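> Sharing a model that was predicted from the sequence below.
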Amino acid sequence: MKRKLLTVIMAAAMFTVLFTGCGSTKDPKADDMTIVNIPKLLGTAWFDQMLPGLEKWVGEHGGTYYQSGPSTADAALQLQSVEDAITEGVSAIHVVPNSTETLEVAFKKAKDAVILGSVQAQTHVEWADAAVAYQEANYPDMHLVADYVESGEDHDTAYNKTKELIKTYPDLKGIIGCSVIDPAGAALAVEEAGMEDTISIVGTSIVDVAGNYLDTGAIDMISLWDTEQTSYAMCEATRILAQGGEVKTGDNLGAEGYESVTVDGHVIYGTAWIDITKDNKDADPYITQ
């Protein structure tokens, strides 16, 4: 029987985890599965933290896992990693996409051998859209001063573009950063301008990157989630789907924040985010000693 490949795409959001895929006709056992995890880039604490979750799940259920991917947040290089995994014939692919549009090419290429669900929009845009929608509904006196500003997940770019924003919009009051480095890059520019008391910065980050700016007040709050818990939940969802089952609202995927998930179409929502201020920095699971 021709082997089917289960593809799982994770939307790296603070409180949204996206899985797509359907059951295999093989109805595999967990200990038959080989899972590859392909993050945006290798070598960062954020994505390294996924490995303990994979290790824990495999230790409990069997199978094997490995992590693959580019050393920079490059969509083309990530696409190559996905294509390599398809060629190797792994059982499941977990992806934190740099560009879902680029990855869709690989999924279309593999369509005859792969059972797939839909490919969703990039998560940073989803977060930004949600923030603007919330602002419009709840804070009508606030307004977005510019189109979304892209940092390319690069600290210096975030810093330089924030400097431009401060110059262009001297009455700027707030900045939301969607990648781990964005709040810190923005905070450096705000501190240099002496505007840490007038411009509020929040966003996705970790204490090792943003902690000093939390202490100085240049960053008001960061939000994160423990990708160890996320990767475990992804593995459990993979097992259920691969064996022909269905993940339903209220299901427990065995990880903190995913004890009672909400399912909307192909999207599985947990409540796994953690808000960090200068007063609870020890709650960050990524802190290195």
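Everything's here; your move.
> Just after the helix or strand bottoming out on mean pLDDT in the chain, pick out the following helix or strand.
Comparing helices and strands within the chain by mean pLDDT, DSSP states H and E singles out strand 17-18 as the least confident, with a mean of 28. Next helix or strand after strand 17-18 toward the C-terminus (DSSP states H and E): strand 34-38.
> Just the strands from the stretch 51-200 of the chain, written as ranges.
Taking DSSP state E, counting those that start in this stretch to define them, one finds strands in the stretch 51-200 of the chain at 64-67, 92-95, 114-115, 174-177, 200-204.
> Least reliable of those strands by average pLDDT, please.
Among those, strand 114-115 carries the lowest mean pLDDT, at a mean of 48.
> how would you label Val263: helix, strand or coil?
Secondary structure, DSSP: H, G, I helix; E, B strand; the rest coil: Val263 is strand.
> The closest residue to Pro39 other than its chain neighbours: how many residues sit nearby?
Setting aside the residues directly before and after it, Pro39 is nearest to Phe47 in space (Cβ to Cβ, 6 or more residues apart in numbering), at 3.6 Å. Backbone N, C-alpha and C define where each C-beta goes, glycine included. By the criterion of other Cβ atoms under 10 Å, Phe47 has 21 neighbours.
> one step back: out of the strands of the stretch 51-200 of the chain, deepest packed?
Across the strands of the stretch 51-200 of the chain, averaging neighbours per residue (mean count of other Cβ atoms under 10 Å) puts strand 92-95 on top, at a mean of 27.
> So what are the sheet partners of that strand and their directions?
Applying DSSP bridges, strand 92-95 is found paired with strand 5-9 (parallel), strand 34-38 (parallel).
> weakest of those strands by average pLDDT?
Mean pLDDT is lowest for strand 5-9 among the strands paired with strand 92-95, at a mean of 44.
> wait, doesn't Ala283 sit right on Ile274?
Yes: assessed by Cβ atoms under 8 Å, Ala283 is found in contact with Ile274 at 5.7 Å.
> Which stretches in the chain count as helices?
In the chain, the helices defined using DSSP state H lie at 45-48, 50-61, 75-88, 100-109, 123-138, 155-168, 182-192, 207-216, 227-242.
> any chance of those helices in a markdown table, plus distance to Gly254 and mean pLDDT?
Formatted as a markdown table, those follow (distance: least, Cβ to Cβ, whole Å; pLDDT from 0 to 100):
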| stretch | distance to Gly254 | mean pLDDT |
| --- | --- | --- |
| helix 45-48 | 21 | 88 |
| helix 50-61 | 8 | 93 |
| helix 75-88 | 24 | 86 |
| helix 100-109 | 27 | 70 |
| helix 123-138 | 23 | 86 |
| helix 155-168 | 35 | 93 |
| helix 182-192 | 31 | 95 |
| helix 207-216 | 26 | 95 |
| helix 227-242 | 5 | 89 |
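> Nearest to Asp31, out of those?
Of all the helices of the chain, helix 50-61 sits nearest to Asp31, with 7.1 Å by Cβ to Cβ.
> picking that back up, could you export the helices of the chain as JSON lines, including distance to Thr249?
As requested, the helices of the chain are exported to JSON lines (distance: least, Cβ to Cβ, whole Å):
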{"stretch": "helix 45-48", "distance to Thr249": "28"}
{"stretch": "helix 50-61", "distance to Thr249": "22"}
{"stretch": "helix 75-88", "distance to Thr249": "29"}
{"stretch": "helix 100-109", "distance to Thr249": "24"}
{"stretch": "helix 123-138", "distance to Thr249": "20"}
{"stretch": "helix 155-168", "distance to Thr249": "37"}
{"stretch": "helix 182-192", "distance to Thr249": "32"}
{"stretch": "helix 207-216", "distance to Thr249": "33"}
{"stretch": "helix 227-242", "distance to Thr249": "13"}
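> Any idea which of these gets closest to Asp32?
When the helices of the chain are compared (using Cβ to Cβ), the closest one is helix 227-242, at 9.1 Å.
> Could you give me the buried positions within that closest one?
Residues 227-242 are the ones in helix 227-242 that count as buried (16 or more other Cβ atoms under 10 Å).
> Go through those residues and say which is closest to Gly62.
For the buried residues of helix 227-242, the minimum distance to Gly62 (Cβ to Cβ) is 9.9 Å, reached by Arg239.
> Now that closest one: closest residue in space, sequence neighbours ignored.
Ala30 (5.2 Å).
> How about Ala272?
Gly257 (2.4 Å).
> contacting residues around the one you found?
By Cβ atoms under 8 Å, 6 or more residues apart in numbering, the contact set of Gly257 is 225-226, 229, 233, 270-273.
> Glu153 now?
Shown in contact with Glu153 (Cβ under 8 Å, 6+ apart): 40, 73, 179-182.
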